[in-house]
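**Student:** A structural model of the following input is requested.
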Amino acid sequence: MRTEDMGAEELTELGQQLRVDAVRAADAAGSGHPTSSMSAADVAAVLLANHLQYDFDRPDHPGNDRLILSKGHASPLLYALYLAAGAVDDDELLTFRKRDSRLEGHPTPRLPWVDVATGSLGQGLPVGVGMALAGKRLDQIPYRVWVLSGDSEMAEGSVWEAVEHAAYEHLDNLTLLIDVNRLGQRGPTRYGSDLHAYARRLRAHGWHTIETDGHDVEAIDTALNEARSTLGQPTAVIARTRKGRGVAAVEDREGMHGKPLGDAGAAIEELGGRRSIRVDVQRPPDARNPHATGPGRPELPRYDIGDSVATRNAYGEALAALGAARPEVVALDGEVSDSTARSSSPRSTPSGSSSATSPSSSSSPPPSACRRAAGCRTPRRSRRS
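**Tutor:** Presented below is the predicted three-dimensional model:
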């Protein structure tokens, strides 16, 4: 188990290592998104070394943090992280995008450390909100959900639905890391490098926001510590970065998206060459497995031939029977539980809905703009640009 955090010099070196390995993976494949990986490398390095709690030998550990690479096209960065953590070896890294490789162009749950396939932009944060809800309301396990998002996907409507819901539920176990590298696939993004534009919108929904220099590892470390200590609100760390960081031929240049670097050898030399830093990732504390009781045998409803039963009522009765036997069952609806007869479940949350339902917001902590681990104070709108 890690006994101390990495310092600034080693974190900087780790960020460079992640860039080099992303370049190498894309070069070996002849395709991929190295420049999108390079912009977020310093944020990823600090997260892996000093903040993520994850047992890579036990990906099913209930206390593991959840890490979602919403910008799934930057998969070379994720695989470089796995290499640094010792989860994959160098030979496997270089199978990126090869036939039958686990390291696909966008990450999928073929890898045991990937909870959700990403690549369809705008999906990572909604999934992260669900995971954060599950941890806080259902499983009641204090893991943290980290979502690494690109700035271009912040234009997706699904993102803002998730933003609103996360604030409503006071999901302080959720941190959104936004890689504001200014450039999308075809050119500049809507707000470019204007961190304030993202922060204003997120704050309006009730988020705590931190604006920072995404290539200053000490500032990133401070921001992630602040995110972890913020209570009652989800936090967005909005990091100004440069696409293709560290290689002059591609850094902050349009037209370099989604292709390997022209001269990978020269790029690796410019980045300082290969490194072999291994990160002893902090393991999570012990946590009970909330689903370890084993399946029960439900007493299912029975109907005689000729009975006239509304489909919705049959669904509600079957759900009630299943939920009584399997407490981990969760049913979701669009606020129409009376129409689906879901309220027939014998177990109810404080809101009166079935325990085999979406988590109730009634158990949320009261709204607060200043509840923090170190005491109540006005949230800082810090900008570390």
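**Student:** for stretch 100-112, output the C-alpha coordinates as CSV.
**Tutor:** Output of stretch 100-112 as CSV, limited to C-alpha atoms (Å, rounded to 0.1, in the frame of the first residue of the first chain):
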residue,chain,number,x,y,z
ASP,A,100,-8.0,-9.8,-30.7
SER,A,101,-6.3,-7.2,-28.4
ARG,A,102,-8.0,-6.2,-25.2
LEU,A,103,-6.8,-2.7,-25.8
GLU,A,104,-9.4,-1.5,-28.3
GLY,A,105,-9.6,1.9,-29.9
HIS,A,106,-12.2,2.9,-27.3
PRO,A,107,-12.1,1.2,-23.9
THR,A,108,-14.6,-1.6,-23.2
PRO,A,109,-15.3,-3.9,-20.3
ARG,A,110,-13.2,-6.7,-21.9
LEU,A,111,-10.7,-5.1,-19.6
PRO,A,112,-11.6,-5.9,-16.0
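**Student:** can you give the distance of it from its chain's centre?
**Tutor:** Here stretch 100-112 is found 17 Å from its chain centre; the criterion is CA atoms, centre = their mean, to the nearest Å.
**Student:** make 4 the first number, not 1, from now on.
**Tutor:** OK, 4 is where the count begins now, so the last one is stretch 103-115.
**Student:** tell me the buried residues in it?
**Tutor:** Under the neighbour-count criterion of 16 or more other CB atoms under 10 Å, stretch 103-115 has 104-111, 114 buried. To be clear about C-beta, it is placed using only N, CA and C from the backbone, and glycine gets the same treatment.
**Student:** so which of these comes closest to residue 35?
**Tutor:** Proximity of the buried residues of stretch 103-115 to residue 35 was ranked by CB to CB; the top entry is residue 108 with 6.7 Å.
**Student:** quick one: which helix or strand includes the closest residue to residue 97 other than its chain neighbours?
**Tutor:** In space, residue 97 comes closest to residue 31 once its chain neighbours are excluded; the distance is 4.4 Å by CB to CB, 6 or more residues apart in numbering. Residue 31 is located in helix 11-32, with elements delineated by DSSP states H and E.
**Student:** helices or strands up against that helix?
**Tutor:** Packing partners of helix 11-32 (3 or more CB pairs under 8 Å, 6 or more residues apart in numbering; DSSP states H and E): helix 37-42, helix 44-49, helix 78-87, helix 93-96, helix 220-232, helix 267-273.
**Student:** would you turn the ones you listed into JSON lines with mean pLDDT and mean neighbour count?
**Tutor:** Formatted as JSON lines, the helices and strands packed on helix 11-32 follow (pLDDT from 0 to 100; neighbours: other CB atoms under 10 Å):
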{"stretch": "helix 37-42", "mean pLDDT": "98", "mean neighbour count": "31"}
{"stretch": "helix 44-49", "mean pLDDT": "98", "mean neighbour count": "29"}
{"stretch": "helix 78-87", "mean pLDDT": "98", "mean neighbour count": "27"}
{"stretch": "helix 93-96", "mean pLDDT": "98", "mean neighbour count": "14"}
{"stretch": "helix 220-232", "mean pLDDT": "98", "mean neighbour count": "20"}
{"stretch": "helix 267-273", "mean pLDDT": "98", "mean neighbour count": "17"}
